[in-house]
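Engineer: Structure, please.
(one chain, ligands or ions: 1)
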Amino acid sequence: MRGGPGLALVTAAVGRQPRLLAAGISAGLLWTGTKLAAPLLVARTIDAGVLGGDSGQLWLGVALFTGLAVVGAGFAGLRRYFGQSLAFVVEADLRDRLLARMVRLPAAYHDRYPSGVLLARVTTDLQQVQQPLINIPIMVSNVAMLVGTAILLAWIDPVLAVVALAPAVAVFAVAVRFTRQLGPRALALQSELGVLAGIVEESIAGVRTTKGLGTEDDERRRVRDQAGQVQRAALRLSSVRATYLPLVELLPAFGLVGVLWIGGLRVAHGALTVGELVQFSYFGLIIVGPLRIAGMTASQLKRSAVSARLIAAVLDEQPEPTAIEPTASAGSPATTASAAPPAGSGGGLEVRFEGVTFGYAPERHVLRELDLVVPAGTCVAVVGATGSGKTTLAALVPRFYDVDAGRIHVGGRDVRDWSLTELRAQLGLGFEDAFLFSGTIRDNLRFGAPTADDDQLRAAVRLAGAQDVVAGRPGGCDAPVGERGLGLSGGQRQRLSLARALVTDPPVLLLDSPTSAVDPAKEAEIVASLATVIRGRTTILIAHRPAVIALADQVVLLEGGRVAATGTHQELLASSPYYRQVLATQPDGPVSPDGPAGPDGPDPEAPARRDALVTP
Ligand SMILES: Nc1ncnc2c1ncn2[C@@H]1O[C@H](COP(=O)(O)OP(=O)(O)OP(=O)(O)O)[C@@H](O)[C@H]1O
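Structural biologist: Modelled structure (predicted):
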């Protein structure tokens with residue numbers, strides 16, 4: 001592996017396991033000792049026992065040789081065992097660090113890299129890094145074997161030693177050339193594998209859409225095309241290996257031929273005993289394995305180096321600021337930590353947008369100089385055409401993204417002056433695509449509040465109007481939820497995710513289209529629950545349907561990233577043609593200014609809450 005952050009990463013991870021490393025290397029070196037002793041013993045046994053006619057020496061040699069073989073086999077087993085243990089522990093350590101970093105990376109990073117690419121880092125790349133680690137004790141013992149053999153041979157017969165060891169030098173030169181050519185090809189293969197993982201992941205996750213649209217064959221073609229790219233990249237890599245590996249196989253055999261030829265002449269001239277010739281040949285044979293492995297390891301190390309570099313690049317990414325590191329907000333007016341009560345204190349916290357400008361890409365602003373005040377304890381519905389920036393506006397409050405200009409205050413404090421953990425503890429988030437994890441309903445409800453007791457869970461479920469979802473499943477809270485909550489209907493998922501958001505009793509709620517996945521009858525139930533849920537909290541409610549919008553004290557109409565109009569639902573219906581147009585594109589269609597705001601009519605408490613409104 002060449003230097004750089006990848007090597008530093010793997011070296012440090014291996015260095016954190018000194019005992020396994022030492023045990024593996026010790027077993028490897030002891031194995032080498034048994035291997036090097038065998039030819040010496042053979043020479044002695046042949047010269048003294050066979051040619052010298054000393055049967056005692058012969059039997060002793062046979063017994064010692066058997067013992068060495070058995071002990072060597074034991075050390076070979078231990079060498080592999082410790083090598084594998086080391087590799088698995090290092091792999092687990094790196095996976096742990098990778099996942100810890102991935103979940104802490106900002107949303108913008110996850111926007112940039114498809115999940116399949118990140119999946120490849122945690123699967124195929126980690127495997128590539130792990131593989132050569134298994135061989136560390138083997139590599140060390142092989143190097144010791146080559147060095148030991150060189151010393152012993154030079155001591156017995158320097159000329160013959162040169163003949164026996166010349167292939168080792170040639171194999172090394174071949175390996176260096178071979179490794180250089182492998183680098184770019186290994187990188188290309190890893191990146192094609194990453195793309196393939198992304199496509200496969202998308203195909204499996206989107207299988208229902210594929211079925212619905214009848215595009216199974218297209219999807220299959222997409223996977224097959226990318227698999228073809230992987231195959232071509234793998235073949236380009238293999239062709240380099242196929243060119244060089246025969247050389248790696250052949251060169252050591254030339255060494256053996258040279259030893260037999262020149263050694264045979266030296267025996268004939270009395271310069272070498274038969275035992276010593278056998279000994280040389282034996283040494284020539286035992287270094288063939290290490291030399292061949294060296295050639296193959298070179299290719300493995302190259303792929304591993306590429307993967308290690310890719311993993312190191314993820315670990316080098318700057319994570320979101322941690323719990324104890326609020327980010328200083330540029331030009332923020334003096335704000336006080338005491339302005340914000342802790343989560344669960346009730347009453348809500350004011351949320352204020354001041355001149356907020358934001359875009360996902362530079363100079364492509366989604367929100368432009370947006371001003372909005374949501375007074376503590378009130379509900380604002382954000383309405384706008386698709387793509388007008390509603391979800392983006394909500395995503396800026398928990399700092400999934402940071403504003404380009406302006407500021408956002410929660411509880412009188414710039415969001416960049418909160419620690420992220422503290423800030424997010426004030427917020428209950430309900431996303432449009434409610435995501436549930438595999439596990440039980442209880443596991444999901446406790447996801448953000450692991451210490452919540454059953455009474456708290458029951459209260460949150462009741463508030464979210466999700467009692468029937470829990471009661472309707474065998475085992476209630478212990479009922480399993482399939483992967484991504486796919487065992488539940490969209491509406492059931494939305495209500496459970498709302499309950500999850502409420503378990504911590506957050507003072508601020510950010511709810512994105514909370515009824516988008518349900519029919520009108522279910523919507524009526526959810527709206528009734530929401531009327532209770534938002535009481536006493538500050539709520540930003542992204543809404544499309546009149547029944548939901550009517551829950552709000554104030555409606556904010558977004559157009560082109562700016563606030564186009566504010567007022568109550570009825571006021572905007574009466575005064576804003578654009579508002580009527582936006583609602584007309586929603587499934588429920590427009591609602592007359594005089595018509596009922598929701599299934600139960602307008603919220604009777606809304607006017608009282610509206611009185612508390614403060615305009616920006
Ligand atoms: N992660 C992202 N990366 C780049 N652009 C994005 C990203 N998310 C949204 N956008 C773009 O920002 C704009 C606003 O999107 P946003 O999701 O905020 O709209 P919205 O009003 O919530 O739409 P909808 O009602 O359809 O959910 C759109 O043009 C969208 O393409």
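Engineer: For the rest of this, base every contact and every neighbour count on C-alpha atoms.
Structural biologist: Noted.
Engineer: secondary structure class for the closest residue to Leu396 other than its chain neighbours?
Structural biologist: Excluding the flanking residues, the one nearest Leu396 by Cα to Cα, 6 or more residues apart in numbering is Asp402, at 6.2 Å. Using DSSP: H, G, I helix; E, B strand; the rest coil, the structure places Asp402 in coil.
Engineer: And Asp402, its phi and psi?
Structural biologist: When quoted as degrees, to the nearest 10, the phi and psi of Asp402 stand at phi -100, psi 150.
Engineer: Looking at it now. What's its pLDDT?
Structural biologist: Asp402 is assigned a predicted lDDT (pLDDT) of 92.
Engineer: What distance do you get for it to Ala395?
Structural biologist: According to Cα to Cα, to the nearest Å, Asp402 stands 9 Å off from Ala395.
Engineer: next one: Ala521
Structural biologist: 29 Å.
Engineer: same deal with Gln127?
Structural biologist: Distance from Gln127 to Ala395, by Cα to Cα: 35 Å.
Engineer: and if you look at Gly264?
Structural biologist: Where Ala395 is concerned, Gly264 sits at a distance of 82 Å (Cα to Cα).
Engineer: If you count contacts, what does the longest helix along the chain end up packed against?
Structural biologist: What stands out as the longest helix in the chain, according to DSSP state H, is helix 216-268. Identification of packing neighbours for helix 216-268 by 3 or more Cα pairs under 8 Å, 6 or more residues apart in numbering; DSSP states H and E yields helix 158-205, helix 274-286, helix 288-316.
Engineer: The first one: what's the following helix or strand?
Structural biologist: On the C-terminal side of helix 158-205, the closest following helix or strand by DSSP states H and E is helix 207-213.
Engineer: List the buried residues of that following helix.
Structural biologist: Neighbour-count burial for helix 207-213 flags Thr210 (criterion: 16 or more other Cα atoms under 10 Å).
Engineer: can I get the CA coordinates of it in CSV?
Structural biologist: Extracted in CSV, the C-alpha atoms of helix 207-213 (Å, rounded to 0.1, in the frame of the first residue of the first chain):
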residue,chain,number,x,y,z
VAL,A,207,-39.5,-2.1,-6.6
ARG,A,208,-43.1,-1.0,-6.0
THR,A,209,-42.8,2.0,-8.4
THR,A,210,-41.1,-0.3,-10.9
LYS,A,211,-43.9,-2.8,-10.7
GLY,A,212,-46.5,-0.1,-10.9
LEU,A,213,-45.0,1.5,-14.0
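Engineer: Do me a favour and average the pLDDT over it.
Structural biologist: Mean predicted confidence for helix 207-213 is 78.
Engineer: Give me the neighbour count for the closest residue to Ser203 other than its chain neighbours.
Structural biologist: In this structure, Ser203 finds its nearest non-sequential neighbour in Glu219, 6.8 Å apart by Cα to Cα, 6+ apart. Glu219 is surrounded by 20 other residues when neighbours are defined as other Cα atoms under 10 Å.
Engineer: thought Glu219 was touching Thr210?
Structural biologist: Yes - Glu219 lies in contact with Thr210 (Cα atoms under 8 Å); the separation is 7.4 Å.
Engineer: Does the closest residue to the ligand within the stretch 51-200 of the chain fall in a helix, a strand, or a coil region?
Structural biologist: Closest residue of the stretch 51-200 of the chain to the ligand, Cα to the nearest ligand atom: Asp111 (5.3 Å). Judged by three-state DSSP, the three-state class of Asp111 is helix.
Engineer: go on, the one 5 residues further on?
Structural biologist: Here Gly116 is recorded as helix under three-state DSSP.
Engineer: Lovely, talk soon.
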